[in-house]
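Peer 1: The sequence and its predicted three-dimensional model are supplied below.
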Amino acid sequence: MSTPAPADRLLYTPKEAAGVLAIGRSTLYELMAAGAVKYIKVGRCRRIRRSDLESYVAGLSPAA
């Protein structure tokens, strides 16, 4: 069982970001592919900014 990544980091790997959001890694990749979660590429690696995770969560609407 992995622990969530520290909140003071600026960039997260997809695995760490999925842990922070409490969702599966494949779900995160689907959100990235759909453009719902923005990411950057550093070489061949994908990284997600903390601010982009916060923007994604802020844009979620509560279930009715």
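Peer 2: Great, that's in hand.
Peer 1: Quick check: mean pLDDT of stretch 13-27?
Peer 2: The pLDDT scores in stretch 13-27 average 96.
Peer 1: now the helices for the chain?
Peer 2: Using DSSP state H, the helices found in the chain span residues 14-21, 25-34, 50-58.
Peer 1: So which residues lie in contact with the last one, not counting its own?
Peer 2: Looking back up the chat, that one is helix 50-58. Taking Cβ atoms under 8 Å, 6 or more residues apart in numbering as the criterion, the residues outside helix 50-58 that touch it are 7, 9-12, 17, 20-21, 31, 36-39. For glycine as for every other residue, the C-beta is placed from the backbone atoms N, C-alpha and C.
Peer 1: buried residues in stretch 13-22?
Peer 2: With burial defined by 16 or more other Cβ atoms under 10 Å, the residues of stretch 13-22 counted as buried are 14, 16-21.
Peer 1: So which of those is the closest to I48?
Peer 2: Of all those, the one sitting nearest I48 is A17; the distance, using Cβ to Cβ, is 4.4 Å.
Peer 1: Thought V37 was touching the closest one, still the case?
Peer 2: Yes - the pair A17 and V37 passes the contact test of Cβ atoms under 8 Å, sitting 7.5 Å apart.
Peer 1: what about the longest strand in this protein?
Peer 2: Across the chain, the longest stretch assigned as strand under DSSP state E is strand 45-49.
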